[in-house]
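Undergrad: Let's see this in three dimensions:
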Amino acid sequence: MIMKYIVLTIEGSVNLTLSSKTVGVFEALYNSAKPIQLLSIELELAAAGKMPSGTTQIPFEAMKKMSSYCRSKELSS
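TA: Numbers count the residues shown, from 1 in each chain. The predicted structure follows:
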């Protein structure tokens, strides 16, 4: 049995970046650091046979909320 449906997949990750002032130990860490996954969501939008034929628009929005830690760093800059 083949299941066909439409899915919205949202993924978010960050990459480590260092300032030019940082050298030494951090350089080794930076060279081996991989992106860190922060978010992974999969939402089923429509099951098989539930979408009408033709063009269907599915509007969506994603809210990005800054953490209090980031806000305090932004204000101190």
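Undergrad: low-scoring stretches of this protein, by residue?
TA: Along the chain, segments meeting pLDDT under 70 span 1-3, 17-32, 66-77.
Undergrad: change it to 50
TA: Regions of the chain meeting the criterion pLDDT under 50 are absent.
Undergrad: what ranges do the helices span in it?
TA: Along the chain, counting by DSSP state H, helices occupy 25-32, 68-76.
Undergrad: And the strands in the protein, which stretches?
TA: 6-14, 36-46 (DSSP state E).
Undergrad: Just want the angle from the shortest one to strand 36-46.
TA: So the one you mean is strand 6-14. For strand 6-14 against strand 36-46, the angle by axes from the mean of the first three to the mean of the last three CA atoms, to 10 degrees is 170 degrees.
Undergrad: counting contacts, what elements does strand 6-14 pack onto?
TA: Contact here means 3 or more CB pairs under 8 Å, 6 or more residues apart in numbering; DSSP states H and E; on that basis strand 6-14 packs against strand 36-46. C-betas here are computed from N, CA, C, even on glycine.
Undergrad: circling back to that earlier point, format the strands of the chain as a markdown table; extra columns: distance to residue 62 and mean neighbour count.
TA: A markdown table is the format used below for these (distance: least, CB to CB, whole Å; neighbours: other CB atoms under 10 Å):
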| stretch | distance to residue 62 | mean neighbour count |
| --- | --- | --- |
| strand 6-14 | 6 | 11 |
| strand 36-46 | 9 | 10 |
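Undergrad: Now tabulate those strands in a markdown table and tack on distance to residue 53.
TA: Formatted as a markdown table, those follow (distance: least, CB to CB, whole Å):
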| stretch | distance to residue 53 |
| --- | --- |
| strand 6-14 | 14 |
| strand 36-46 | 13 |
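Undergrad: Quick check: residue 63 vs residue 39, distance?
TA: In this structure, residue 63 and residue 39 are 12 Å apart, going by CB to CB, to the nearest Å.
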